[in-house]
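Undergrad: Model the structure of this input:
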Amino acid sequence: MIKETSAEKPRARELGITFSGLVGANNAITDIPGVEVGYVTKIAGQNIRTGVTAILPRGKAEIGMPCAAAFYSLNGNGEMTGTIWIEESGTLSMPIMITNTHAVGKVHSGVVAWVVEHLPVVAAQWLLPVVAETWDGYLNEINLLAVTEEDAKAAIDNAKPGPVEEGSVGGGTGMNCYQYKGGNGTSSRIVKYAEKDYTVGAFVQANFGSRAELTITGVSMADSNIPNPFSEHNWLEVDNEMITPPQGAGSVIVIIATDAPLLPNQCKALAKRVPLGLARTGTAGSHFSGDIFLAFSTANKGSFQSKFPNSNSNESDYDISRSIPWGEMDSFYTATVQAVEEAVVNALVVNQDMEGRDGHKSYAITREFIESKFKKA
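TA: Numbering: from 1, shown residues only. Sure, this is the predicted structure:
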């Protein structure tokens, strides 16, 4: 049974959009056992529209337990901390945090503070949190630095399994996608291998694309008459020079999780398939968009350790893991592409209009417009 949202915020499938693939119980990244998602959303006055998201690969209790992991950057006009160590070791052991561009430092410090407080043995060695960002400066006064270390800690505390709220929450609060109101979306796919069902889940913080590009399951959305303030006037003024950001400017962060046993290079292969899912929704990838993706596997628990040695090595000190054969990876690639595509669409449709900084408005793609394109059977 797929967990449905409220009647006010139906997901893409509830609006009659058909996607390929078998989904998990919640159609979310949390369908991978152990994965938890938490938010802090900050909306205050007219100018604060921001927040922070925490994704915990193994839950709060097992922060510090490594997973095989890898990242891939389609376009590097953005930030994801901790990736040098991920590239070096092929592992991830810290929370994954997603926020706005100017909050990366505070969120990074907040993760360290949380681990020092709750898991001092883990903190005694070294901590390299993963903090990714997209820019919410259209709706949020980003230079007010509203996201704090305490918000990052609270997002970790709030993380839980089960259904994941989508749309304008957490780090996605002030984001826009295809010049509609954007934010967070998630989806999952079941992959059958041998006698076992594995799950691939995607989580997106969607803040990219131009209105004319948007395509949903092959259907162009270009004939929308929903207002588009991004192209109607020069909304960004710098030093009295009228500067208009190019169509499609923004960023997208995508996190892929699976419980299938994968090696780090196989995680990299999943991350490299993310752009294929994004492309199904229309984007060509803007120069002014930071498109950065991370994939991890929760299998092989206890492997991929990188701790200080405390004794002479012996015959039991070998790292042992198993993996899906490379020749059997295609179904996992397909699952990744399908989940990313649906997650982006969920981020769009599970949303509402928002007014923010200096009266800037972002309009959600409407239920009526979607249903006019995809009539329910």
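Undergrad: Please point out which parts of stretch 57-75 sit buried.
TA: Residues of stretch 57-75 classed as buried: 57-60, 62-72, 74-75 (neighbour count, 16 or more other Cβ atoms under 10 Å). No exception for glycine: its C-beta is placed from N, CA and C like everyone else's.
Undergrad: cool, stretch 262-281 as well?
TA: Buried residues in stretch 262-281, counting neighbours by 16+ other Cβ under 10 Å, are found at 262-264, 266-275, 277-281.
Undergrad: How far off centre is the longest helix along the chain?
TA: For the chain, the helix with the greatest residue count under DSSP state H is helix 330-349. Mean-position distance between helix 330-349 and its chain equals 12 Å (Cα atoms, centre = their mean, to the nearest Å).
Undergrad: Now do the strand or helix carrying Ala113: everything it contacts.
TA: For Ala113, the host element (DSSP states H and E) is helix 104-118. Applying Cβ atoms under 8 Å, 6 or more residues apart in numbering, the external contacts of helix 104-118 come out as 52, 60, 63-64, 79, 81, 94-95, 97, 99, 122-123, 127, 129, 131, 133, 145, 147-153, 156-157.
Undergrad: quick one: Asn143 and Ala103 touch, right?
TA: No: Asn143 lies out of contact with Ala103 (Cβ atoms under 8 Å); the separation is 10.8 Å.
Undergrad: residues near Ala54, how many?
TA: For Ala54, the count of nearby residues is 29 (other Cβ atoms under 10 Å).
Undergrad: where exactly do the strands run in the stretch 201-350 of the chain?
TA: For the stretch 201-350 of the chain, applying DSSP state E, counting those that start in this stretch gives strands covering 215-216, 219-220, 236-238, 241-243, 248-258, 289-297.
Undergrad: Asn143 and Ala103: which has the busier surroundings?
TA: Ala103 (28 against 8).
Undergrad: Can you name every helix or strand that the longest helix of the chain contacts?
TA: Packed against helix 330-349 by the contact rule (3 or more Cβ pairs under 8 Å, 6 or more residues apart in numbering; DSSP states H and E) you find strand 176-177, strand 183-193, strand 196-209, strand 248-258, helix 264-279.
Undergrad: Out of those, indicate the one that is most buried.
TA: Of all those, strand 176-177 has the most neighbours on average by mean count of other Cβ atoms under 10 Å, namely a mean of 30.
Undergrad: what lines up beside the next helix or strand after it in the sheet?
TA: Next along the chain after strand 176-177, taking DSSP H and E as the criterion, comes strand 180-181. The pairing partners recorded for strand 180-181 under DSSP bridges are strand 176-177 (antiparallel).
Undergrad: Run through the stretch 1-150 of the chain and note the low-pLDDT ranges.
TA: Scanning the stretch 1-150 of the chain for pLDDT under 70 picks out 1-8.
Undergrad: can you give me the helices in it?
TA: Secondary structure of the stretch 1-150 of the chain (DSSP state H, counting those that start in this stretch): helices located at 83-89, 104-118, 120-123, 149-158.
Undergrad: which parts of the last one are buried?
TA: Of the residues in helix 149-158, those buried by neighbour count under the rule 16+ other Cβ under 10 Å are 149, 151-156, 158.
Undergrad: now swap in the third one and tell me
TA: Neighbour counts over helix 120-123 (16+ other Cβ under 10 Å) mark 122-123 as buried.
Undergrad: Figure out how far it is from the centre of its chain.
TA: Relative to its chain's centre, helix 120-123 lies at 27 Å (Cα atoms, centre = their mean).
Undergrad: which residues sit against that helix?
TA: Residues from elsewhere that reach helix 120-123 (Cβ under 8 Å, 6+ apart): 63-64, 112, 115-116.
Undergrad: and of the residues you listed, the nearest to Gln205?
TA: Closest approach to Gln205 among the contacts of helix 120-123 (Cβ to Cβ): Ile63, at 20.8 Å.
Undergrad: Can you verify my assumption that the closest one contacts Val130?
TA: No: using Cβ under 8 Å, Ile63 is not in contact with Val130; the gap is 11.8 Å.
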